[in-house]
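Participant: How does the following fold in three dimensions:
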Amino acid sequence: YDIAMTWPENVRAEVLSVRPGITSPASVIYRNEKEMLQGTGVMDEYLYKILPEKQRLDQLYVRQQSLIGDLDVIFMTFIMLLPSLRKVKVPESQMYAGPLFRFRSRYVSWFVVDTITSFIAISVAGGLWRLSSPLDLGWGKSASIAAFLALCMSITNTVLGLKKVQWRTAGPIYVFDLASSTLFSMIIFWFVSEFFVSEIQLPLPMLVDFTMFTFFGFVAVRYRERLITGLASRWVRMRSQASLIGERVLIIGAGDCAQLGIWLIEKSKLAPAFSIVGFVDDDSYKQHLKVSGYPVLGTTREIPDLVQRKNIGVVVFAINKVDPKNRERILKICSELPVRLIMIPDLLNVVSDYLAIQTREAQSDAMA
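Facilitator: Below you'll find the predicted structure:
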């Protein structure tokens, strides 16, 4: 109790907000605490090294507490009781995202989602097929087909490494992997239905339709947040371009650095206070095109006219590769206008320089 009263107040309140149990992540990771506290200065070693780490682990437990997480902790506690494993170091991640948690999130949850998606796909394909030919799959058969296909999808996704993808931030390239996984799953389904379980066999044209609907469904459920966010962003852009609400922004440059500028503006908490009008760029190939949803309105020599016509209040300089004379010319134009000028830090060059240094060092080590 005396030691607990010396903890920072916020830590004490958070850790003691849950009822103490017989085990915890800190108890498993520091199960050999007695062996660690040997020799002189035991109390200092505990108070200044071990205790802060145990507090941090307990805080993480309180913040991430769940039934599956508790089962993982109990499972790891029993495992660590085995004499042959007592000295094995347990990764911290195993205590908060252990085998049961990963199995539920990567396999069970996606199996349920894929089953529902496959069921909807087979229902749509069956409904279209019945418009031209008699067909009566029945709910039971449709559900069996959906569950079996979801199982095949789980197997192929595991083989292709898609179970480790965080779909919330996944790039578009994974759509091709999903297409491959869906195709392999359908081949397995066709092989099994053709040679082993004829009860779930489908006409080939209907199987093709089923494959397409299933693929679109798998993409939609995995990229759902990206799709919704993309539609919302497009709606906001359309509204902002059609409205005078907020400070109107003109971006100089339509390259990589400009993408960074857009990201900084759109992800800011003050994003509603700004309305991006478009770009200016001296590249003739970009004229009258749209970049990231915004139009290229003209060249840098047209900045004064655009500022006046579009009621621009903020100009963002976002060119990372420009000769000094051209840079000076553009900045001189902006300085003579009634606008606020924002210079985007050239992070791209910083990253490029860092990568170049790392590459040279790696080449030097290889030659050595």
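
Participant: which stretches of the stretch 101-250 of the chain form strands?
Facilitator: 247-252 (DSSP state E, counting those that start in this stretch).

Participant: pLDDT below threshold where in it?
Facilitator: Under the criterion pLDDT under 70, the flagged ranges of the stretch 101-250 of the chain are 134-136, 169, 225-245.

Participant: Which parts of it are helices?
Facilitator: 109-130, 139-160, 174-195, 204-222, 224-241 (DSSP state H, counting those that start in this stretch).

Participant: so Leu297 sits in a strand?
Facilitator: Yes: using DSSP: H, G, I helix; E, B strand; the rest coil, the assignment for Leu297 is a strand.

Participant: Next, the nearest residue to it once chain neighbours are set aside: secondary structure please.
Facilitator: In this structure, Leu297 finds its nearest non-sequential neighbour in Gly278, 4.4 Å apart by Cβ to Cβ, 6 or more residues apart in numbering. All C-beta atoms are positioned from the backbone trio N, CA, C, and that covers glycine. Assigned with three-state DSSP, Gly278 falls in the strand class.

Participant: Also the one 4 residues further on?
Facilitator: The three-state label given to Asp282 by three-state DSSP is coil.

Participant: From Phe218, how far out is it?
Facilitator: 43 Å (Cβ to Cβ, to the nearest Å).

Participant: Same check on Asp44?
Facilitator: Separation of Asp44 from Phe218 (Cβ to Cβ): 56 Å.

Participant: Comparing those two, which residue is more hemmed in?
Facilitator: For Asp44 and Phe218, the more surrounded residue by other Cβ atoms under 10 Å is Phe218, and the numbers stand at 26 against 9.

Participant: ok, now which ones touch the more buried one?
Facilitator: Contact partners of Phe218, counting by Cβ atoms under 8 Å, 6 or more residues apart in numbering, are 114, 117, 153, 178, 181-182.

Participant: Looking at these, which two lie furthest apart in space?
Facilitator: Using Cβ to Cβ, these span at most 12.9 Å, a distance reached by Thr117 and Ser181.

Participant: Burial check on the residue nearest to Leu297, number of neighbours?
Facilitator: When neighbours are counted by other Cβ under 10 Å, Gly278 registers 22.

Participant: now it, which residues is it bridged with?
Facilitator: In this entry, Gly278 is beta-bridged to Leu250, by DSSP bridges.

Participant: Isn't it up against Gly293?
Facilitator: No: Gly278 lies out of contact with Gly293 (Cβ atoms under 8 Å); the separation is 9.8 Å.

Participant: before we move on, the earlier item: please indicate which of the contacts of Phe218 has the highest neighbour count?
Facilitator: That'd be Met153 among these, by other Cβ under 10 Å, with 28 neighbours.

Participant: What's the local residue count around Glu328?
Facilitator: Using other Cβ under 10 Å, Glu328 is surrounded by 11 other residues.

Participant: Can you check the pLDDT for it?
Facilitator: Glu328 is assigned 92 on the pLDDT scale.

Participant: which parts of the helix or strand where it lies are buried?
Facilitator: Assessed by DSSP states H and E, Glu328 sits inside helix 324-335. By neighbour count on 16 or more other Cβ atoms under 10 Å, the buried set for helix 324-335 is 330, 333-334.

Participant: Can you give me the buried ones in stretch 308-321?
Facilitator: Neighbour-count burial for stretch 308-321 flags 312-320 (criterion: 16+ other Cβ under 10 Å).

Participant: for it, the distance to its chain's centre please.
Facilitator: Relative to its chain's centre, stretch 308-321 lies at 31 Å (Cα atoms, centre = their mean, to the nearest Å).

Participant: next one: stretch 280-288
Facilitator: Put simply, stretch 280-288 sits 32 Å off its chain's centre (Cα atoms, centre = their mean).

Participant: Next, the distance between the ends of it.
Facilitator: Using Cα to Cα, to the nearest Å, one end of stretch 280-288 lies 10 Å from the other.

Participant: which outside residues touch that stretch?
Facilitator: Stretch 280-288 is touched from outside by 250-255, 279, 295-300, 302-303, 306, 326, with contacts defined as Cβ under 8 Å, 6+ apart.

Participant: Just the buried residues out of those residues, in ChimeraX syntax.
Facilitator: Applying 16+ other Cβ under 10 Å to the contacts of stretch 280-288 leaves a buried subset, and the ChimeraX line that selects it is:
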select :250,251,252,253,254,255,279,296,297,298,300,303,306
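
Participant: circling back to that earlier point, closest one to Asp72 among the helices of the stretch 101-250 of the chain?
Facilitator: Per Cβ to Cβ, nearest to Asp72 of the helices of the stretch 101-250 of the chain: helix 109-130, 15.6 Å.

Participant: Just give the nearest non-adjacent residue to Ser335, would you?
Facilitator: Closest to Ser335 by Cβ to Cβ, 6+ apart is Leu341, at 7.2 Å.

Participant: which SS class is that neighbour?
Facilitator: Under three-state DSSP, Leu341 falls in the strand class.

Participant: can I assume it is in contact with Leu331?
Facilitator: Yes: the pair Leu341 / Leu331 is scored as a contact, 7.5 Å apart, by Cβ under 8 Å.

Participant: Need the overlap of contacts for these two.
Facilitator: With Cβ under 8 Å, 6+ apart, Leu341 and Leu331 have common neighbours Phe317.
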